[in-house]
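Trainee: Just to be clear, the model below is a prediction. Sequence and coordinates:
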Amino acid sequence: QVQLVESGGGLVQAGGSLRLSCAASGGTFSKYTMGWFRQAPGKEREFVAAISYIGGSTYYEDSVKGRFTISRDDAKRTAYLQMNSLKPEDTAVYYCAAKYLRLASLTSDYNYWGQGTQVTVSS
């Protein structure tokens, strides 16, 4: 069983930056692909980025490519999402998720979820 806790959300002006963290407990962290998803009011939860176990591969949703960077520190059992050049349309609750081994981008592929952290980007 893996427990995930996100932190780092907040209010930022357009063009600003935030770094989200996802601390994991339980399980063998290095064997889990870590993903970030987001859900805006009235919309479905959508994929943002993922990083494979061992950290060899990353995958991004098109609208965040070049602005967001996902990373992980297996020694600290933590995944990160560095968000730069933020836009008002990035406003959402951001969720960290974990799945065993292989990289994936569907919400249904992920077994473990955090409680979410709010990111609000003002124009």
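Mentor: Structure's in. What do you need?

Trainee: Would you map the strands across this structure?
Mentor: 3-7, 10-13, 18-25, 32-39, 46-51, 58-60, 68-73, 78-83, 92-100, 112-113, 117-122 (DSSP state E).

Trainee: Surely Asp109 and Leu101 touch.
Mentor: No. Assessed by Cβ atoms under 8 Å, Asp109 is found out of contact with Leu101, at 10.7 Å. C-beta coordinates here come from the backbone N, C-alpha and C atoms, glycine included.

Trainee: Of those two, give the one with the bigger neighbour count.
Mentor: A count of neighbours by other Cβ atoms under 10 Å puts Asp109 above the other of Asp109 and Leu101, at 16 against 11.

Trainee: Might you report the residue contacts of the closest residue to the more buried one other than its chain neighbours?
Mentor: Excluding its sequence neighbours, the residue lying closest to Asp109 (Cβ to Cβ, 6 or more residues apart in numbering) is Lys99, at 5.5 Å. Lys99 makes contact with 32-33, 35, 109-112, according to Cβ atoms under 8 Å, 6 or more residues apart in numbering.

Trainee: Any stretches of this protein with poor pLDDT?
Mentor: 55 (pLDDT under 70).

Trainee: Buried ones in stretch 65-80, by neighbour count?
Mentor: 68-70, 72, 74, 77-80 (16 or more other Cβ atoms under 10 Å).

Trainee: Nice, that's everything, thank you.
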